[in-house]
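>>> Got a sequence here, can you build the structure:
(one chain, ligands or ions: 3)
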Amino acid sequence: MSDQIYFFDTTLRDGEQCPGASMNLREKLEVARQMERLGMDVIEAGFPCISDGDFEAVHTIAREIKKCRIAGLARCVKADIEAAAKALEPAGERARIHIFLATSKLHMQFKLKKAESEILRMAAEGVSYAKQFVQDVEFSPEDASRTDLDFLTKVVETVIDAGATTVNIPDTVGYTTPDEFYRIIRHLKENVPNIGKAVISVHCHNDLGLAVANSLAAVRAGARQVEGTINGIGERAGNVALEEVIMALRTRAGQFGDVTDNINTKEIVRTSRIVARMSGMQVQRSKAIVGENAFAHSSGIHQHGILNCRETYEVMDPQAVGWGATELPLTKHSGRAAVKSRLEQLGHVLTEEEVNTVFERFKKVGDSKKFVYDDDLSAIVDDSLHASTGLWELDFLQFVAGSHARPTATVGLLKEGKKFEDSSTGNGAVDAVIKAIERITRRKGTLKGYSVNAASEGKDALGEVTVHVDFGQPKPIVGKGASTDVIEASARAYLNAVNRSIRMENMPQPNNLDAGTI
Ligand SMILES: CC(=O)SCCNC(=O)CCNC(=O)[C@H](O)C(C)(C)COP(=O)(O)OP(=O)(O)OC[C@H]1O[C@@H](n2cnc3c(N)ncnc32)[C@H](O)[C@@H]1OP(=O)(O)O
Ligand SMILES: CC(C)C(=O)C(=O)O
Ligand SMILES: [Mg+2]
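Ligands and ions are numbered 1, 2, ... in the order given. Below is the predicted model of the structure:
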C-alpha cells in the first residue's frame, strides 16, 4: 500500500515573515486560490493574533477556500488560540490550529525564561485549549533540531496525549544535517509510545542550504507531512522550497518507498509566478524547477544531446511542472546542431554550405552579445547569404565622426579573394561609408530610403538596416544588413543592394584595380 505525503504550505505565514514580503488581503487570497489549484493539502494562512489584517486574511481564506485545510498559527497563549479559532471558524471541519512553543535549552533559557516542566505544562495546556475549538491541532516544538532528544521525545508524547493530531519537527534555524535529522525523526518514531496517533511533520529552514536534503531525509525516516513555501521564501535564507521537495519525491520515487501526493505538478510554475508577483520576491533564474533557466540549455554539446534525446540533459519533463517545451537559447556557446535546428524551425531551408556560412557569422554575433535571438538569426541569414552569392563582401570598416570631425570612412571589400580598399568623406558616417563603397565598386546609386530597426531585444540588439537605392534600373533595389553596430549594418545593407543590382542587370563585373587593390 502506498503512503500519502501531505504538503503544508506556509508561504502566507512563514513566507510572509521574509523581510519585504508582506502581502495584503487581496494578494494573500490570490496566492491561496492558486494553492488550492495546485492541490496543496494545508494552507497556513497567517498568524491571526498579530494584526487585524492577518486575522482578516485568515478569516477570508477560511471562508473562500474549499478544498484545503486552513491553518492559523498561535503561541501557547489563550488569546492567540482564541484569535486563531475565531479566524478559522468559516473553515469548519477543515480548520487547523497550529500551536508552537520553543523546547531548546537556548530558547527556554534566554527567550521564554521557563524550565522544562513549565514548557511541558504550557504545551499540554495549549493543545488542550485548542482542542476545545477544533479537532485538528498541530504542535511544533520550535527549535526542535537543537533540543535535547530525550526532552523532545517527552514533549512529543505529551502533546499527542493532549490531543495533537500532527507533530511538526522544525529545524527552525536551518542547523541540522540530513543524517542527523533522519536520526531525530527515526528516534521519535521508535521511542514516542503514542506516535501512531499523530502525523509526523517537518519544517526545514535553509540557512545552510540543506532544507531540501533535510526534508527528504525526514521523509525517508517516516515523516508524512512536509512544510515549506513556494519559491522557498521565508525567514532569513527561507523555508524549504516545496516545489523542489515535490519534484524530488516524484522524480526519485524509488528512493523514498511507495509514496504518493495530491499535488497537480502542472500548476507549479504558475504558483511560483503568482507568489513572486504577490510577495515581490523575485525568483533567481537558475533556481531549481521554477527558475527561468531551469530547463534552458545554451551550450552546443548539451543542445546537440537534447536534440537527439531530451533525457540526455534533463531529469524532468518541463511540461510536467507547467513550463512549455525545453528551451535551447542560442548563444556563443551553441553549436551547428542547434543553429541548424533553429534555422529549420524558422523556415530557412539551407544547404550545408550555407549553414556553415551562417554559422560563422552567428559565432561572431554571439561573441558580441548575450543571446542570438530568432530575429538575429534571420537577419544573419538575409545578410550573409546575400553576401555569399553577391560579388562583394565587407572585409573591414573604419570611420571617424563627431561634432568637430569631418565624417570619414575607410572601407575594405573582398571580391573573389582579392582585397580592395578606399576612403571617403561624407555628410555623416553612413554617407561616408556609402561613398567609399561606391568608389570601390564603381556603382553609383541614389539613396531613396533608409531605415534602421532593432532586429532583436536588449541593448546589445542587432540593428537591421534597410536601404532603397536607385541604380538607374527600372525600380529601386532593396538591400538589408544586420550588425550590432548601425554603421556596419548600413555598409552591409548598401553592399547587399549593390550585389543585387549587379545580379539583376547581369552586368559585366567591374575590374576595379585602381580602387586600391592590396
Ligand atoms: C519560528 C517562528 O517563525 S515563530 C513565529 C514568528 N512570527 C511572528 O513573530 C509574527 C509577528 N509577531 C508579532 O506581531 C509580535 O511579535 C506578537 C504579536 C506575536 C507578540 O508581540 P509582543 O507581545 O509585543 O511581544 P514580542 O514580540 O516583543 O515578544 C514575544 C513574546 O512572546 C513570547 N513567546 C514567544 N514564543 C512564545 C510561545 N510559543 N508561546 C508563548 N509565548 C511565546 C516571548 O517570550 C515574548 O514574551 P514577553 O513579551 O512576555 O517577553
Ligand atoms: C512556528 C514554527 C513552526 C516555525 O516557523 C519554525 O520553527 O521555524
Ligand atoms: Mg519557520
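>>> mind checking pLDDT for the most centrally placed residue in the chain?
Taking Cα atoms, centre = their mean, the centroid of the chain lies closest to Gly291, which sits 1.8 Å from it. Note on Gly291: pLDDT of 96.
>>> Now it. Nearest residue, chain neighbours left out?
Nearest residue to Gly291, sequence neighbours excluded (Cβ to Cβ, 6 or more residues apart in numbering): Arg285, at 5.0 Å. C-beta here means a position set from N, CA and C on the backbone, and glycine is covered the same way.
>>> and what of Arg439?
In space, Arg439 is closest to Asp422, 4.4 Å off (Cβ to Cβ, 6+ apart).
>>> Surely the one you found touches Thr408?
No: using Cβ atoms under 8 Å, Asp422 is not in contact with Thr408, being 11.5 Å away.
>>> who are the neighbours in contact with Ala85?
With contacts taken as Cβ atoms under 8 Å, 6 or more residues apart in numbering, Ala85 has the following neighbours: 95, 97, 130, 133-134.
>>> any idea how far it lies from Val381?
68 Å (Cβ to Cβ, to the nearest Å).
>>> Quick check: phi and psi at Ile306.
phi -60, psi -40 (degrees, to the nearest 10).
>>> meant to ask about Ala401, not that
phi -150, psi 160.
>>> Please apply the same query to Gly481.
phi -150, psi 150.
>>> If we go by neighbour counts, what in the host helix or strand of His107 is buried?
Following DSSP states H and E, one finds His107 within helix 105-107. Of all the residues in helix 105-107, those buried under the rule 16 or more other Cβ atoms under 10 Å are His107.
>>> That helix and ligand 1, are they touching?
No: figure legend: helix 105-107 not in contact with ligand 1 (Cβ under 6 Å from any ligand atom); closest approach 8.3 Å.
>>> Tell me if that helix is near ligand 2.
No: using Cβ under 6 Å from any ligand atom, helix 105-107 stays clear of ligand 2, coming no nearer than 9.8 Å.
>>> what's the following helix or strand after that helix?
Following helix 105-107 in sequence order, the next helix or strand is helix 116-131 (DSSP H and E).
>>> For that next one, buried residues please.
Buried residues in helix 116-131, defined by neighbour count with 16+ other Cβ under 10 Å: 119-120, 122-124, 126-127, 129-131.
>>> Stretch 139-157 now?
139-147, 151-157.
>>> Check stretch 201-208 too.
Using 16+ other Cβ under 10 Å as the burial criterion, the residues of stretch 201-208 that qualify are 201-207.
>>> Run a quick neighbour tally on Arg186.
15 (other Cβ atoms under 10 Å).
>>> Pretty sure it sits in a helix.
Yes: with DSSP: H, G, I helix; E, B strand; the rest coil as the criterion, Arg186 is assigned to a helix.
>>> Quick check: nearest residue in space to it, chain neighbours excluded?
Computed as Cβ to Cβ, 6+ apart, the closest residue to Arg186 that is not its neighbour in sequence is Ala221, at 4.7 Å.
>>> I'd like to know how far that neighbour sits from Gly257.
11 Å.
>>> Quick check: which ranges of the stretch 1-150 of the chain have low pLDDT?
Across the stretch 1-150 of the chain, the ranges flagged by pLDDT under 70 are 1-2.
>>> quick one: the helices in it?
All helices of the stretch 1-150 of the chain, identified by DSSP state H, counting those that start in this stretch, fall at 25-38, 52-64, 78-88, 105-107, 116-131, 149-162.
>>> C-alpha coordinates for the first one, PDB please?
It refers to helix 25-38. Extracted C-alpha coordinates of helix 25-38, given in PDB (Å, rounded to 0.1, in the frame of the first residue of the first chain):
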ATOM      1  CA  LEU A  25      -5.700  40.600   1.900                       C
ATOM      2  CA  ARG A  26      -6.200  40.600  -1.900                       C
ATOM      3  CA  GLU A  27      -2.600  39.300  -2.500                       C
ATOM      4  CA  LYS A  28      -3.000  36.600   0.100                       C
ATOM      5  CA  LEU A  29      -6.300  35.400  -1.300                       C
ATOM      6  CA  GLU A  30      -4.900  35.200  -4.800                       C
ATOM      7  CA  VAL A  31      -2.000  33.000  -3.500                       C
ATOM      8  CA  ALA A  32      -4.400  30.900  -1.500                       C
ATOM      9  CA  ARG A  33      -6.600  30.300  -4.600                       C
ATOM     10  CA  GLN A  34      -3.600  29.200  -6.600                       C
ATOM     11  CA  MET A  35      -2.500  26.900  -3.700                       C
ATOM     12  CA  GLU A  36      -5.900  25.300  -4.000                       C
ATOM     13  CA  ARG A  37      -5.500  24.700  -7.700                       C
ATOM     14  CA  LEU A  38      -2.000  23.300  -7.000                       C
END
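>>> Is there a neighbour count for Arg277? I'd like the number.
13.
>>> And for Gly174?
Count around Gly174 with other Cβ under 10 Å applied: 23.
>>> and it, helix, strand or coil?
Gly174 - assigned by three-state DSSP - is coil.
>>> Identify the residues contacting it.
Counting by Cβ under 8 Å, 6+ apart, Gly174 has contacts 204-208, 210-211, 236-237.
>>> Out of these, which two sit at the greatest distance?
Leu210 and Arg236 (13.4 Å; Cβ to Cβ).
>>> more crowded one of those two?
Under the criterion of other Cβ under 10 Å, the comparison of Leu210 against Arg236 puts Leu210 first, with 21 against 13.
>>> wait, the more buried one sits on Thr177?
Yes: using Cβ under 8 Å, Leu210 is in contact with Thr177, at 6.2 Å.
>>> Show me which of Ala221 and Gly257 is the more surrounded one.
It is Ala221, of Ala221 and Gly257, that has more neighbours when counted by other Cβ under 10 Å, with 20 against 11.
>>> Tell me, how many residues neighbour Gln282?
Neighbour count of Gln282, defined by other Cβ under 10 Å: 10.
>>> Ile268 too?
Neighbours of Ile268 under the rule other Cβ under 10 Å: 23.
>>> In this structure it contacts Ala288, no?
No: the criterion here is Cβ under 8 Å, and Ile268 misses it with Ala288 at 11.0 Å.
>>> overlap in contacts of the two?
Shared contacts of Ile268 and Ala288, defined by Cβ under 8 Å, 6+ apart, are found at 243, 247.
>>> For Leu394, give me its contacts.
With Cβ under 8 Å, 6+ apart, Leu394 has these contacts: 387, 411-414, 488, 491-492, 495.
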